[in-house]
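[1] A predicted structure for the sequence below; I have some questions about it.
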Amino acid sequence: MIAVGIFFAGVFAILGLVSSSLANARRLQRPLVDAGALAAQMSLTNQLVEGSDSGNLGDVLGDAYKDYNWTSDVQEVQSNKLFQVDFTVANAYGNHDTLDQITVLFFRPQSPAGSMDGATMTR
């Protein structure tokens, strides 16, 4: 009787570990949505133009992210070509909940004149 009790205790412990491992594997299959990837893409540019832009995250990061949309808003915050870029990532379908937001500052001296430099047009 004692041996059967120890056997079942061991079996239930192993089943608990398997269940936990399967739950972790399911979580790993869902893509981690991070607006930092968009900031990394924007950091590769030499020029910024004030205005807003948007698109599907799948176009930037691959098909695993096709269910998410992104928006960006570029504003010049100092007259020395310092730009603030606000990124937002949201669900593409359903309730459009915001999943991640990030604000990044970029110094881009090669950019065209922005609102702080006297420009009157934005894109």
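    Arrived safely, thanks for sending.
[2] Could you pick out the longest helix of this structure?
    If you go by DSSP state H, the chain has its longest helix at helix 2-29.
[3] The protein: helices as residue ranges?
    Under DSSP H, the chain gives helices at 2-29, 36-42, 57-61.
[4] now for those helices, which one comes closest to Q75?
    helix 36-42 (13.4 Å; C-beta to C-beta). Where C-beta positions appear, they are placed from N, C-alpha and C, glycine not excepted.
[5] in that closest one, what's buried?
    37-39, 42 (16 or more other C-beta atoms under 10 Å).
[6] rewinding a little: tabulate the helices of the chain (CSV), appending mean pLDDT and distance to E50.
    As requested, the helices of the chain are arranged in CSV below (pLDDT from 0 to 100; distance: least, C-beta to C-beta, whole Å):
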stretch, mean pLDDT, distance to E50
helix 2-29, 90, 39
helix 36-42, 88, 13
helix 57-61, 87, 21
